[in-house]
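[1] Okay, here's the prediction I keep looking at, along with the sequence it came from:
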Amino acid sequence: MMEENEQVSATKQRRKPCKCRCLTVVSLLLGLLLLISIVVLILAFTVFKAKQPKAKLLSAELDGISPRISFPVVNIQLNITLDLKLLVENPNHASFKHGPGKSSLSYRGKQFGEAEIPPGNIPATGSSTFSSRLVLEVDEVVSNITALVGDVMEGNLVVDSRTRIPGRVTILKLFKKHAVVTSECQFTIAVLALKIQTQKCKSKSKL
């Protein structure tokens, strides 16, 4: 009987170090997971923090028929094509996946021309160029015919363009940030020469 008790006691003593080792390993694993989580969070809010994509106009070119007015019967000829090239830069350490975008052309606050921008992907710290071809015809501005006649007679025609590209940035495949890139420009067109006399552009991004 004494020998049996001694054997049971020895077995219990051998099990205690084993339990301690298991607890130590579990504690180390939990601590490591916690440390990794903290590092990931720090990287997500510092190095990999979502930044706003930037847009800028590379070029704007005109093509078409110079606006003309004939009298005594008022007859206006107008067919202007505005070709835009826009550069969008992605400063993030993750790709910027964008959906379908849109460019529009307006005259005196009313939209007339429109062009679609196909969806795509801008790589991390990369950039992409987008082209838009916008057309303004006399049939489209018939509601503003009086203002159009006055602008043509003065020699300058002012039109506005707006490009909007929505998308999202995925940080570390965990954090998703939606972003919208917008570029707005105003062009003053010299009617007789059919050239862009001045242009003013501004771009903004929203996360």
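    Good, I have the coordinates.
[2] contacts and neighbour counts: CA atoms only from here.
    OK.
[3] And the lowest mean pLDDT element among the helices and strands of the chain?
    helix 2-45 (a mean of 66; mean pLDDT, DSSP states H and E).
[4] Check the gap between the residue nearest the centre of the chain and residue 110 for me.
    Geometric centre of the chain, nearest residue: residue 181, 3.7 Å, by Cα atoms, centre = their mean. The gap separating residue 181 from residue 110 is 22 Å, by Cα to Cα, to the nearest Å.
[5] cool, residue 95 as well?
    35 Å.
[6] Give me the more crowded residue out of those two.
    Higher neighbour count among residue 95 and residue 110: residue 95, with 19 against 14, using other Cα atoms under 10 Å.
[7] Which residues are in contact with the more buried one?
    Remark: with contacts taken as Cα atoms under 8 Å, 6 or more residues apart in numbering, residue 95 is in contact with 121-125, 169-170.
[8] Which parts of this structure are helices?
    Secondary structure of the chain (DSSP state H): helices at 2-45, 145-154.
[9] returning to what we had before: roughly how far does the residue lying closest to the residue nearest to the centre of the chain once chain neighbours are set aside sit from residue 28?
    Counting by Cα to Cα, 6 or more residues apart in numbering, residue 181 lies nearest to residue 205, which is 4.6 Å off, once chain neighbours are set aside. For residue 205, the distance to residue 28 equals 44 Å [Cα to Cα].
[10] Pick out whichever of those two has more residues nearby.
    Higher neighbour count among residue 205 and residue 28: residue 205, with 17 against 12, using other Cα under 10 Å.
[11] is it true that the more buried one touches residue 180?
    Yes: counting by Cα atoms under 8 Å, residue 205 does reach residue 180; the two are 5.5 Å apart.
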